[in-house]
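*Asks:* No sequence on hand, only this structure:
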């Protein structure tokens with residue numbers, strides 16, 4: 001895909017695997033606001049903090065009529081362990097290895113760290129309007145203060 005979907009574009013409706021072996025896709029939330037937060041890896045410091053903070057704020061998101069969905073390429077089994085270890089309340093889903101939702105969004109990309117090149121998830125959050133269009137995008141998210149900013153945007157939508 002040459003251009004990444006942005007504000008006003010339809011959010012791609014690609015199925016994701018849930019930790020219990022089922023599937024979920026963005027259209028399952030039609031008529032509600034949805035926050036989809038993509039993060040690199042379960043049980044890493046920034047990702048753990050982000051998931052714990054979204055989980056803690058879930059009641060406030062629910063009050064704002066907004067569902068949450070955290071997405072990484074980790075397996076369903078890893079998600080189950082991550083949820084249990086940190087008592088996470090924000091639902092998680094696994095993106096497909098190839099041609100998944102993060103690929104369609106252009107956020108599964110080549111990264112570099114300590115001279116090593118590898119494929120990885122760019123921490124990105126999308127606020128989806130009830131009609132399935134992208135209302136807001138946070139690129140290359142810094143975890144500190146992020147959940148509060150997303151919650152404010154969800155309340156304002």
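*Replies:* Noted; the coordinates are in hand. A quick note: this is a predicted structure, and the numbers were derived from the prediction, not measured.

*Asks:* Please, which helix or strand holds the most centrally placed residue in the chain?
*Replies:* Taking C-alpha atoms, centre = their mean, the centroid of the chain lies closest to residue 37, which sits 2.1 Å from it. Element membership for residue 37, per DSSP states H and E: strand 33-38.

*Asks:* That strand - which strands sit beside it in the sheet, and in what orientation?
*Replies:* In the sheet, strand 33-38 lines up against strand 66-72 (parallel), strand 124-128 (antiparallel) (DSSP bridges).

*Asks:* how near is the residue nearest to the centre of the chain to residue 105?
*Replies:* 12 Å (C-beta to C-beta, to the nearest Å). Every residue, glycine included, has its C-beta placed from N, CA and C.

*Asks:* Tell me which strands the least confident helix or strand in the chain by mean pLDDT pairs with, and in which orientation.
*Replies:* The helix or strand of the chain with the poorest confidence is strand 108-113; it has a mean of 90 (mean pLDDT, DSSP states H and E). If you go by DSSP bridges, strand 108-113 pairs up with strand 116-121 (antiparallel).

*Asks:* in the partner strand, what counts as buried?
*Replies:* Within strand 116-121, the residues that count as buried by 16 or more other C-beta atoms under 10 Å are 120, 121.

*Asks:* Same question for stretch 93-110.
*Replies:* Buried-residue list, stretch 93-110, by 16+ other C-beta under 10 Å: 93, 94, 95, 96, 100, 101, 102, 103, 104, 105, 107, 108.

*Asks:* ok, what's across the strand from the closest residue to residue 7 other than its chain neighbours?
*Replies:* Nearest residue to residue 7, sequence neighbours excluded (C-beta to C-beta, 6 or more residues apart in numbering): residue 134, at 5.4 Å. With DSSP bridges as the criterion, residue 134 is bridged to residue 128.
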